[in-house]
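Visitor: can you look at this prediction? I've put the sequence above it.
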Amino acid sequence: MYNLLFDFDGTLFDTDSAHELAFQKTFATFSLGECPPYESLKGIKTKDVFANYSDDEAMVKKLASFKSQTYQADLNAIKALVDFDLIRHLKSVGNRVFIVTGGSRLSIDLLLNVHQIAGFFDGIIAADDYKKSKPDPEPFLTCIEKFNISGLVHGIEDSIQGIESLKNAGILAVGVHNPLIAKKSDLYFPEIDEYLKYLIAQG
């Protein structure tokens, strides 16, 4: 049986464009200069991104809050990238599924509620549960420790930072959706559903 540690943004849900627009709006609103390419921000805690632009902790919190509220304003428009029936099948035969994300727990819970899958996962590790963002291994190691995970572990990611985090944690790194990470991943699938079907075929 497998323990599957899924990234959230860009892996399970098509949130990239919504996050990118929220970052761009925050940078413009607060005159922070040019917003970095979103690919370089993926997987990193929002407050860690803005900590590079202000030494004032209160301002960093304000920037992160503005960005999060901007992102959360239109969650109904965000679509799933995965067929949850495939994950349901994997769960039904004894596999465990988790989320490990740099996003806020509120954002995760809100989107899971929108898609009526609250409580679907065996555990969630969000930004407030650890200190060091991906590519540090802490997010995934925190998940393993908190939920007493042992045996076969796969991590599923769509970003360079995420794949590096998995490798730094000594976890098999499965890349999906992003050709830029194909060569860095231990396994790579253009679509996450292809990976899930591959696991189901393994029996």
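Guide: Good, I have the coordinates. Numbering: from 1, shown residues only.

Visitor: all the helices of this protein, residue numbers only.
Guide: 16-29, 46-50, 57-72, 84-92, 105-114, 138-146, 160-168, 192-202 (DSSP state H).

Visitor: deepest of those helices, which one?
Guide: helix 160-168 (a mean of 24; mean count of other CB atoms under 10 Å). Glycine gets a C-beta too; all of them are placed from N, C-alpha and C.

Visitor: who does that helix touch, helix- and strand-wise?
Guide: Packed against helix 160-168 by the contact rule (3 or more CB pairs under 8 Å, 6 or more residues apart in numbering; DSSP states H and E) you find helix 138-146, strand 152-157, strand 172-176.

Visitor: in CSV: the ones you listed, plus mean pLDDT and distance to residue 79.
Guide: Listed next are these as CSV, based on pLDDT from 0 to 100; distance: least, CB to CB, whole Å:
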stretch, mean pLDDT, distance to residue 79
helix 138-146, 98, 25
strand 152-157, 98, 18
strand 172-176, 98, 15
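
Visitor: so how far is residue 106 from residue 19?
Guide: Distance of residue 19 to residue 106, given as CB to CB, to the nearest Å: 14 Å.

Visitor: same check, this time on residue 175
Guide: 28 Å.

Visitor: same question, residue 3
Guide: Residue 3 is 25 Å from residue 106, by CB to CB.

Visitor: return the backbone torsion pair for the residue in the chain sticking out farthest from the centre.
Guide: What lies farthest from the middle of the chain is residue 31; by CA atoms, centre = their mean that is 27.4 Å. Residue 31 adopts backbone torsions of phi 50, psi 50, taken as degrees, to the nearest 10.

Visitor: so residue 137 makes contact with residue 163?
Guide: No - applying CB atoms under 8 Å as the test, residue 137 and residue 163 come out as separate, 11.7 Å apart.

Visitor: what sits against residue 74?
Guide: Residues counted as contacts of residue 74 (CB atoms under 8 Å, 6 or more residues apart in numbering) are residue 18.

Visitor: rerun that using 10 Å as the cut-off
Guide: 18, 21, 22 (CB atoms under 10 Å, 6 or more residues apart in numbering).

Visitor: got these as JSON lines, with pLDDT columns?
Guide: Shown next, in JSON lines, are these (pLDDT from 0 to 100):
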{"residue": "18", "pLDDT": "93"}
{"residue": "21", "pLDDT": "95"}
{"residue": "22", "pLDDT": "95"}
